[in-house]
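A.B. asks: structure for the following, please:
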Amino acid sequence: MDISFLRETRKRAKLSQEDIAPLMDLSRTAITKLEKGDRALKFDEGIKWMQIVGSRIQATGTTSLELGVAMVNGVDILALAQTLTQFVGGFIKFF
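C.D. replies: Model (predicted):
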């Protein structure tokens, strides 16, 4: 599984590794290992990660569920949200 979304979503949520570690009940080194793929991401940790970063990513209007679905399907949710925002914005201006 591509876990590059972990670092990307954490940074998008404006959280450092030191910030997210206690929220995840993990050490900072465990967060580093997760982001590098040196430690397996457990299902419950993935859900918790999405809840934490999802609650902080408000600019895109993306929910934790959408982030989780995108993670499972390997979708770049941030690029998708930006594209949809541009599309919908253009569509609204059309009418």
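
A.B. asks: what is the strand or helix carrying residue 49 packed up against?
C.D. replies: Using DSSP states H and E, residue 49 falls within helix 43-56. Helix 43-56 sits against helix 4-12, helix 17-24, helix 64-73, with contacts defined as 3 or more C-beta pairs under 8 Å, 6 or more residues apart in numbering; DSSP states H and E. Yep, even glycine has a C-beta here, placed from its N, CA and C like the rest.

A.B. asks: next, the buried residues of that helix.
C.D. replies: 45-46, 48-50, 52-54 (16 or more other C-beta atoms under 10 Å).

A.B. asks: in TSV, list those residues along with distance to residue 27 and pLDDT.
C.D. replies: Listed next are the buried residues of helix 43-56 as TSV, based on distance: C-beta to C-beta, whole Å; pLDDT from 0 to 100:
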residue	distance to residue 27	pLDDT
45	13	87
46	18	84
48	15	87
49	15	87
50	20	82
52	16	86
53	18	84
54	22	78
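
A.B. asks: dump these into JSON lines; add distance to residue 11 as well.
C.D. replies: Putting those into JSON lines (distance: C-beta to C-beta, whole Å) gives the following:
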{"residue": "45", "distance to residue 11": "18"}
{"residue": "46", "distance to residue 11": "17"}
{"residue": "48", "distance to residue 11": "18"}
{"residue": "49", "distance to residue 11": "13"}
{"residue": "50", "distance to residue 11": "15"}
{"residue": "52", "distance to residue 11": "13"}
{"residue": "53", "distance to residue 11": "9"}
{"residue": "54", "distance to residue 11": "14"}
